[in-house]
Structures are given as structure tokens and as C-alpha cells.
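> fold the following and give me the result.
(chains A, B, C and D)
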2 protein chains.
Amino acid sequence: MNMPKLGMEPIRRAALIDAAIAEIGQAGSLGITVSQIARRAGVSSGLAHHYFGNKDQLLLAAMRHVMADYSEEVRKGLKAAGTPIERLNAIVRGGFALSNFRPDTISAWMNFYVLALSSDEARRLHRIYSRRLRSNLTHALRPMAGDRAPEIAARAAALIDGVYLNVGLSTEVPNGPVAADSVLGAISAELGRPKSGRQG
Amino acid sequence: MNMPKLGMEPIRRAALIDAAIAEIGQAGSLGITVSQIARRAGVSSGLAHHYFGNKDQLLLAAMRHVMADYSEEVRKGLKAAGTPIERLNAIVRGGFALSNFRPDTISAWMNFYVLALSSDEARRLHRIYSRRLRSNLTHALRPMAGDRAPEIAARAAALIDGVYLNVGLSTEVPNGPVAADSVLGAISAELGRPKSGRQG
DNA sequence: TTTTCTTGATTGACGAGTCAATTAAAAACC
DNA sequence: GGTTTTTAATTGACTCGTCAATCAAGAAAA
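Residues are numbered from 1 along each chain as shown, chains lettered A, B, ... in the order given. Take a look at the predicted model:
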């Protein structure tokens, strides 16, 4: 039944993190048990503790993973972007890319937001995400918006979070491109007339 | 020590609801105990169960109360509003009025959003809030935005939620008027040039 | 034989909800 | 006006389940 192969640690860690995200998404809260997560990952609860120490660490690892996926998506898009407008598109569309825009992932994000209210480490992680998003947006907007870039970037960041929230709470199937267009439309309105919304 | 007066029910209910909101705000999560809430309200845990049946009902009552406060604030502003622009101002500023914009209240809102992911009744309540906000905004925007009113209203609603989120997670002292101006600024940008942001 | 991986039983704490008992106001009765 | 009964308010101890975390032990690789 049990087959101890070597080098299982990274595999188990990844499986447990994925399972945690899925469980949070399904339950809609962090009030899930380590045993549930472990069962979904196909291991015992003891093993989860063995690798992560405690429940909080496992949850935080899941949060880091979700953030890493998001960052990766944005970085990928940014690398291929030349003009400021393309950079803007990359940032917004990256956030609404399929991988970060499934119901499970959105629910996980929402729960992590709230976790940041009570956990220092979660707050730290959220800060990193929040700062980077704003910084990316500000840079991309600078050539078009000048001094107004930080202000518009802050608003755009809030709008992204808000759209996330609404999609997470809606029963409709999430549609990333539509959501991204909505945000991009709002930004282009702030910039004055010049339309920037193109579909890629 | 104990002094059974008659007609205590409404007083106790209100005290327990206030205590629940304060505890949620302080803990930053719904993982608080009925005993904690009861203690803060100055009664025993048994009494909380006596009046509310169970923890969920108490939490939902707190959610309803928070929503009622918000609705009241908006209704008050709307009553005094004549022009569409005044209506818009009232809706946005009402949401960011002092009573709904204290750290405790914001935390409670955030937790209730997430609760709506797992509780049918909470989802129902959130829906009501969400629909009303969008409907109010759409009506106010109709004369200025015509067909685009629903679209702009949806975006504005998402932005309001996003700003709430950011303020809730920030360590800075919440500043309602500034937040409201930010949202109103974004709306007026969507409407084209005509500036609408006035301070009241 | 040492290390890595793994389990499942166990422990210990904690918390929601119940319940019997107590107090005092109010109402009913004489 | 006084006595009895009912009803509202209130407590805190108790039950019962749950769950995070620990631990001893086993099974396979190295």
C-alpha cells in the first residue's frame, strides 16, 4: 500500500498545496481541515504536518503559490510587450489569465485577502502583491499619464481587485478577457480619449 | 448581580450584534467564539444562543445590521439629492460615510463577502446589496450616460468594492471623502470630460 | 544500518450548543 | 393588598464532537 520512493518531498508539497487551493475553493473558506487537504492529495494528515509543520504554514505556502502563478503570468506577458500600451495590456490580462481566473483560484485569493487581516505573514505577502501590481501599472502608465500615473494606477489596481471580488461572488462563469477589457476600458477613459483596448 | 428586567430582548440583540461586529473587526476573521462575543456584550454565551439560536444566525444578523447601516446612509443622502449628479454623489459618499468606513466595519464587510462564498443566506444578502448598488448607480447615470449607464455602473460598483478592500488591508487611517473622490473621479472620466466631482 | 517516507492511532484542547436552575417582574386570583 | 402562578431573563456547568499536532512504528530505498 505505501511505497516510499525517494525524492518525494517536492511532489508531496506540490500536491498538498494544490489540494489546499482546491479545498479552499470548494469550501469557500479557510475552515477546512488538514485531513481534508491531505486526503485530496492522497496522503495522510501526518504527512502534511511532516512537510509543512502546521496548518498555517501550509495555507501560507498555498498563498505563495497562487501569487507565484499570478506573477509568472504577468512576467510572461511583460516580456513580450514592447510599447507602454502593450505593457498595460499584459499586466491587466495577466491578472485575468485563465490560470488565475478559475473559481477555485479566485476563492482562494479572496480568502487570502481576508487572512491578511489577521496573519502578519499573509499581510506581508499581500503587500508584496499589492505593491508590485501598482508599481507595474505606474511604470506602464507613466509615458501616457505623466504625473497622474500613480493615481490612475492605484485606481486601476483597486478596480482589478473589485472585479475579482465580483466575479468570485457571481454565479456566472468567469470570463477573463471580458473582465480585462472592462478594466482596460476604464483606464483608457481616465487617460482621456485615446482608445487603447485591443484584443490580443 | 443579575437583574432580570423585562423587555431586554431588543437591547440584548443589539448589544450582541454590535459586539459581534467589533470582535470580527478585531480578530479579522469569523473564527471567533460565541463566548467572546457574549463577553464583550456583557452577557453569558447561553444568552446569545437563547436569542439567536446559533452562531450562524448571530453572524448573519450582524451582516444584516451592517448592510442596514449602509443602506440607511445612502437613503439619507439620496433623499436630499435633486439632480442626477447629486444622486451619484450621494450613492458614492454614502458608501464611504464614517459609519461604514471604520476599520471594524470594513473588516466585517470583508469577512461577510467571503462568507457569501459558503453560506446561502449570506450570498442572498450580498446579492441584495450588490444589486441595489448597481441599480442605484445605473439610475443616477442614465441621464448622463444613456446606454452606457449599466456598464459604467458595474465598473463603478466594482471600483467601490475594490477601494473598500484596499482600505481594509491598508494600515493607513481610512479617509472616506478621499476614497469617494477617487471613485467619483473615475466615473467622471468615463463620462467624458464634464467634471462632476464636487465636495459637499 | 541509516535515512527518507509514510501511516494511523492518540492526545489534548477547544468550542458550539444544551439544560437545569435561579431570579425577578408581571399577571392572575382571592 | 396580599398571595400564587406564570413568564422573561439569565447563568454556568456539562456534553459531545472535532481537529491540530504528536508519536511510535513500519517499509523501502541507499
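
> straight-line length of stretch A:28-43, end to end?
22 Å (C-alpha to C-alpha, to the nearest Å).

> how about stretch A:168-181?
17 Å.

> same question, stretch A:42-58
16 Å.

> what about it and chain B, any contact?
No: if you take C-beta under 8 Å from any C-beta of the partner chain as the test, stretch A:42-58 misses chain B, and the best it gets is 12.1 Å. Backbone N, C-alpha and C define where each C-beta goes, glycine included.

> what comes into contact with that stretch?
Contacts to stretch A:42-58, defined as C-beta atoms under 8 Å, 6 or more residues apart in numbering or on different chains, come from residues A:9, A:12-13, A:15-17, A:20, A:33-35, A:37-38, A:41, A:61, A:119, A:121.

> closest one of these to B:Glu172?
In terms of C-beta to C-beta, no member of those lies closer to B:Glu172 than A:Ser119, at 19.2 Å.

> circling back to that earlier point, of the contacts of stretch A:42-58, keep whichever come out buried.
A:12-13, A:15-17, A:20, A:34, A:37-38, A:41, A:61, A:119 (16 or more other C-beta atoms under 10 Å in any protein chain shown).

> can I get these in CSV including pLDDT?
As requested, the buried ones among the contacts of stretch A:42-58 are exported to CSV (pLDDT from 0 to 100):
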residue, pLDDT
A:Arg12, 97
A:Arg13, 98
A:Ala15, 98
A:Leu16, 98
A:Ile17, 98
A:Ala20, 98
A:Val34, 98
A:Ile37, 98
A:Ala38, 98
A:Ala41, 98
A:Ala61, 98
A:Ser119, 97
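
> want to throw those into CSV with distance to A:Val92 and secondary structure?
As requested, these are arranged in CSV below (distance: C-beta to C-beta, whole Å; DSSP: H, G, I helix; E, B strand; the rest coil):
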residue, distance to A:Val92, secondary structure
A:Arg12, 35, helix
A:Arg13, 31, helix
A:Ala15, 32, helix
A:Leu16, 31, helix
A:Ile17, 26, helix
A:Ala20, 27, helix
A:Val34, 36, helix
A:Ile37, 32, helix
A:Ala38, 37, helix
A:Ala41, 33, helix
A:Ala61, 27, helix
A:Ser119, 28, coil
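
> state the pair within the contacts of stretch A:42-58 that is farthest apart.
Top of the distance list for the contacts of stretch A:42-58 (C-beta to C-beta): A:Glu9 and A:Ser119, 24.7 Å.

> go back to the buried ones among the contacts of stretch A:42-58 and keep what's next to DNA strand C.
A:Arg12 (C-beta under 7 Å from any atom of the strand).

> quick one, helices of chain A?
Per DSSP state H, chain A carries helices over the ranges A:9-27, A:34-41, A:45-52, A:55-79, A:84-95, A:103-115, A:120-145, A:149-169, A:176-190.

> now these as JSON lines including distance to DNA strand D?
Shown next, in JSON lines, are the helices of chain A (distance: least, C-beta to the nearest atom of the strand, whole Å):
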{"stretch": "helix A:9-27", "distance to DNA strand D": "10"}
{"stretch": "helix A:34-41", "distance to DNA strand D": "4"}
{"stretch": "helix A:45-52", "distance to DNA strand D": "4"}
{"stretch": "helix A:55-79", "distance to DNA strand D": "4"}
{"stretch": "helix A:84-95", "distance to DNA strand D": "30"}
{"stretch": "helix A:103-115", "distance to DNA strand D": "14"}
{"stretch": "helix A:120-145", "distance to DNA strand D": "14"}
{"stretch": "helix A:149-169", "distance to DNA strand D": "23"}
{"stretch": "helix A:176-190", "distance to DNA strand D": "32"}
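
> now the ones you listed as TSV including distance to B:Ile91?
Putting the helices of chain A into TSV (distance: least, C-beta to C-beta, whole Å) gives the following:
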stretch	distance to B:Ile91
helix A:9-27	33
helix A:34-41	42
helix A:45-52	46
helix A:55-79	32
helix A:84-95	26
helix A:103-115	24
helix A:120-145	26
helix A:149-169	15
helix A:176-190	18
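
> closest to B:Thr105 out of these?
helix A:103-115 (14.6 Å).

> in the closest one, what counts as buried?
Under the neighbour-count criterion of 16+ other C-beta under 10 Å, helix A:103-115 has A:103, A:105-115 buried.

> for stretch A:88-105, same thing?
Buried, per 16+ other C-beta under 10 Å, within stretch A:88-105: A:88-97, A:100-101, A:103, A:105.

> quick one on the thing from earlier: quick check: the two most widely separated of the buried residues of helix A:103-115?
Once C-beta to C-beta is applied, the buried residues of helix A:103-115 give A:Pro103 and A:Leu115 as the farthest pair, at 18.4 Å.

> got any ranges where chain A has weak pLDDT?
A:1-4, A:193-200 (pLDDT under 70).

> residues near the residue of it found nearest DNA strand C, how many?
Taking C-beta to the nearest atom of the strand, DNA strand C has its nearest neighbour within chain A at A:Gly46, 2.5 Å off. Neighbourhood size, A:Gly46 [other C-beta atoms under 10 Å in any protein chain shown]: 11.

> can you tell me how far it sits from B:Gly77?
57 Å (C-beta to C-beta, to the nearest Å).

> ok, A:Ile37 next?
For A:Ile37, the distance to B:Gly77 (C-beta to C-beta) stands at 46 Å.

> re earlier: quickly check the buried residues of stretch A:88-105 for the two that are furthest apart.
Across these (C-beta to C-beta), the longest gap, 26.4 Å, separates A:Leu88 and A:Pro103.

> what residues are up against A:Ala122?
A:60, A:63, A:112, A:115-116.

> out of the residues you listed, who's nearest B:Ser188?
Nearest to B:Ser188 among the contacts of A:Ala122 is A:Ala116, at 31.4 Å by C-beta to C-beta.

> right, I'll call it a day here.
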